[in-house]
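J.: next comes the sequence, and after it the predicted model I'd like to discuss.
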Amino acid sequence: MARRKVAKKRKINPDPVFNSILVSKFINRMMLDGKKSASEKIFYKALDIAKDKSSVASMDLFEKAIDNVKPELEVKSRRVGGATYQVPIEVRPERQLTLALRWIITSARGRHERTMTEKLSGELLDAYNNTGGSIKKKEDTFKMAEANKAFAHYRW
């Protein structure tokens with residue numbers, strides 16, 4: 001935690017195709033080694049593939065997939081009197097978005113299709129339909145928070 005200044009929020013420019021800041025954040029998060037153009041190509045092709053498979057508008061599919069993956073609760077470790085407790089806390093909206101983007105990208109990378117485009121389109125479709133690795137991660141996080149509800153009074 002910063003002791004002096006609070007870090008300034010950087011302004012992110014919206015992407016050129018959908019004019020969306022959410023898409024821009026996703027592309028930036030997916031980027032490896034500063035190769036933004038490669039990341040953009042992968043993302044837009046993946047959205048096209050997902051749109052063809054589902055007959056839903058690509059932007060609606062993407063936003064619904066992100067909303068389905070956003071977690072409501074998570075656990076944080078609190079050390080009280082020599083013991084460490086997993087304390088359930090509500091997730092801030094900014095962190096919800098960050099976690100959702102991270103989980104979708106990680107589970108897409110862990111899939112077994114050939115190209116990243118196919119992996120990402122598959123994961124977005126799965127997230128849209130409330131299945132897949134990213135949704136499983138969300139449910140596991142929620143179950144952990146529910147199981148540790150008894151320690152909620154340690155929240156501060």
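T.: That came in fine, so what should we check first? Everything numeric in this text was worked out from a predicted model, so none of it was measured.

J.: please count neighbours and contacts with C-alpha atoms only from this point.
T.: Fine.

J.: so Leu120 touches Ala108, yeah?
T.: Yes: taking contacts as C-alpha atoms under 8 Å, Leu120 lies within contact range of Ala108: 5.1 Å.

J.: compare the two (neighbour count), which wins?
T.: Leu120 (27 against 23; other C-alpha atoms under 10 Å).

J.: ok, and that one, which helix or strand is that part of?
T.: helix 116-128 (DSSP states H and E).

J.: state the mean pLDDT of that helix.
T.: Across helix 116-128, pLDDT averages out at 96.

J.: quick check: next helix or strand after it?
T.: Heading C-terminal from helix 116-128 (DSSP H and E), you reach helix 133-147.

J.: by contact count, what packs against that next one?
T.: Counting contacts by 3 or more C-alpha pairs under 8 Å, 6 or more residues apart in numbering; DSSP states H and E, helix 133-147 is packed against helix 58-69, strand 73-80, strand 83-90, helix 93-109, helix 116-128.

J.: possible to save these as TSV with distance to Lys5?
T.: Formatted as TSV, those follow (distance: least, C-alpha to C-alpha, whole Å):
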stretch	distance to Lys5
helix 58-69	31
strand 73-80	24
strand 83-90	25
helix 93-109	19
helix 116-128	37
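
J.: looking at those, which is buried most?
T.: Per residue and on average, the most neighbours among those fall to helix 116-128, with a mean of 23 (mean count of other C-alpha atoms under 10 Å).

J.: quick one, that one and helix 93-109 angle?
T.: Relative orientation of helix 116-128 versus helix 93-109 (axes from the mean of the first three to the mean of the last three C-alpha atoms, to 10 degrees): 130 degrees.

J.: contacts made by helix 116-128 with the rest, please.
T.: 42-43, 45-47, 49-50, 54, 61-62, 64-66, 68-69, 104-105, 107-109, 111-113, 132-135 (C-alpha atoms under 8 Å, 6 or more residues apart in numbering).

J.: also stretch 47-66?
T.: Taking C-alpha under 8 Å, 6+ apart as the rule, stretch 47-66 contacts 18, 97, 100-101, 118, 121-122, 124-130.

J.: mind redoing it with 10 Å?
T.: Contact with stretch 47-66 is made by 18, 20, 22-23, 43-46, 67-68, 96-101, 103-104, 117-118, 120-130, 134-135, as judged by C-alpha atoms under 10 Å, 6 or more residues apart in numbering.
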